[in-house]
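Engineer: sequence plus predicted model, see below.
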Amino acid sequence: MPVTADIEAGSWAAALTPRLAQFAAVARHEHVTRAAQELGVPQSTLSRAMVRLEEDLGVALFARRGRTVALTPAGHTFLRSVERALAEVDRAAESVRADADPAAGRVSFGFLHTLGSETVPELIRAFRVDHPRVRFQLVQNYGEAMIERLRAGGLDLCLTSPVPDAPDLVARRLDEQRLRLVVPEDHRLAGRRRVRLAEAASELFVTLEPGYGLRRITDTLCAEAGFAPKIAFEGEEAETIRGLVAAGLGVALLPPPAVPRPGVAELAVTSPRAAREIGVAWLEGHHDTPPVAAFKRFLLSRRGQLLD
């Protein structure tokens, strides 16, 4: 039997998928009429579909004996793959249905490294008081990477800073976090409680890598103070940066630590105003499942209290 000419490479799935369940039913019953009754389609329609399937593949799948059929060797081989494919579709359907379950569904949630030690665990703990069975898929990353993942459909929501402003995203400001100038404990400024950022213009800075929101904020604040920071080291995690400050590599602008760290002094910055906004973002037009909608409402209810 010749392969249908209009089925080109890459289009087999689209051409064959509607008939795979029909093929499996006929193979299971070894009888077209009984398979048609199970599927709720006319026997003639099912017979034509099987003939067309064989024509498209260019392979005989059935040996016909009146109204009964038996699989050929090629049919047996094809059936094994079809059953695996149909089972995977069933698993995928059950998975997305489970994720949308209002009581026990899943939320894909991204957040900054600096919010991972206390803020996010406390948020999830508080949310699960009323939603104990909701599951979380958590992604901890820097802001730009999370926004990319949000756009790609890999996240439902993310906590990020700065709060993004893009036409394809919806973002809501939730809280503000003051930043401190962190210096080694034996630094010339270590005995101060407050400092103007311009007083650190001659210092080496230890910062996060370009692309991190906190790095952009650092560069902007230094520019407002009238200088470009001289970079001694670029890292990927705020507490690593704090440790390198303690080792004497330079100074840094960082949010407060979860617990005080020895070896450093943390100074309030009086000018310019050193703070970062933290907000929640999601993709414009994103369809929220019930658990995602519930968690979004919860986050928005914490406006002004996110960092308490």
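Structural biologist: That came through fine.
Engineer: so is Thr33 in a helix, a strand, or just coil?
Structural biologist: helix (DSSP: H, G, I helix; E, B strand; the rest coil).
Engineer: regarding this protein, what is its longest helix?
Structural biologist: helix 73-99 (DSSP state H).
Engineer: quick one: residues in contact with the helix or strand following that one.
Structural biologist: Heading C-terminal from helix 73-99, the first helix or strand you meet, by DSSP states H and E, is strand 106-111. The contact list for strand 106-111, computed with C-beta atoms under 8 Å, 6 or more residues apart in numbering, reads 98-99, 119-120, 134-141, 146, 149-150, 154-160, 289, 291-292, 295. C-beta here means a position set from N, CA and C on the backbone, and glycine is covered the same way.
Engineer: at 6 Å instead, please
Structural biologist: With contacts defined as C-beta atoms under 6 Å, 6 or more residues apart in numbering, strand 106-111 is touched by 99, 120, 135-139, 146, 155-159, 291-292, 295.
Engineer: partner strands of it, with direction?
Structural biologist: strand 135-140 (parallel), strand 157-160 (parallel) (DSSP bridges).
Engineer: which stretches of the stretch 1-150 of the chain have low pLDDT?
Structural biologist: 1-15 (pLDDT under 70).
Engineer: so where do the helices sit in the stretch 101-250 of the chain?
Structural biologist: Using DSSP state H, counting those that start in this stretch, the helices assigned to the stretch 101-250 of the chain run over residues 119-130, 143-151, 213-224, 238-246.
Engineer: need these in CSV (columns: mean neighbour count).
Structural biologist: Conversion of the helices of the stretch 101-250 of the chain to CSV gives the following (neighbours: other C-beta atoms under 10 Å):
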stretch, mean neighbour count
helix 119-130, 14
helix 143-151, 19
helix 213-224, 19
helix 238-246, 19
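Engineer: just to revisit the earlier point, quick one, which of the strands paired with strand 106-111 is packed in tightest?
Structural biologist: Ranked by mean neighbour count, the strands paired with strand 106-111 are led by strand 157-160 with a mean of 24 (mean count of other C-beta atoms under 10 Å).
Engineer: how far does it sit from its chain's centre?
Structural biologist: 10 Å (C-alpha atoms, centre = their mean, to the nearest Å).
Engineer: got it, and stretch 45-57?
Structural biologist: 42 Å.
Engineer: of all the helices of the stretch 101-250 of the chain, which lies closest to Ser44?
Structural biologist: helix 143-151 (48.2 Å; C-beta to C-beta).
Engineer: other SSEs contacting the closest one?
Structural biologist: Counting contacts by 3 or more C-beta pairs under 6 Å, 6 or more residues apart in numbering; DSSP states H and E, helix 143-151 packs against strand 157-160.
Engineer: at 7 Å what do you get?
Structural biologist: strand 157-160, strand 275-283 (3 or more C-beta pairs under 7 Å, 6 or more residues apart in numbering; DSSP states H and E).
Engineer: contacts for the last one, please.
Structural biologist: Here strand 275-283 makes contact (C-beta atoms under 7 Å, 6 or more residues apart in numbering) with 150-151, 156-164, 168-179, 214, 217, 299, 306.
Engineer: number of residues surrounding Leu53?
Structural biologist: For Leu53, the neighbour count with other C-beta atoms under 10 Å is 21.
Engineer: and Val269, by the same measure?
Structural biologist: Counted with other C-beta under 10 Å, Val269 comes out at 21.
Engineer: and what of Glu38?
Structural biologist: Glu38: 15 surrounding residues under other C-beta under 10 Å.
Engineer: which residues touch it?
Structural biologist: Each residue near Glu38 by C-beta under 7 Å, 6+ apart is listed here: Ala25.
Engineer: buried set for whichever strand or helix holds it?
Structural biologist: Assigned by DSSP H and E, Glu38 belongs to helix 32-39. Of all the residues in helix 32-39, those buried under the rule 16 or more other C-beta atoms under 10 Å are Val32, Arg34, Ala35, Ala36, Leu39.
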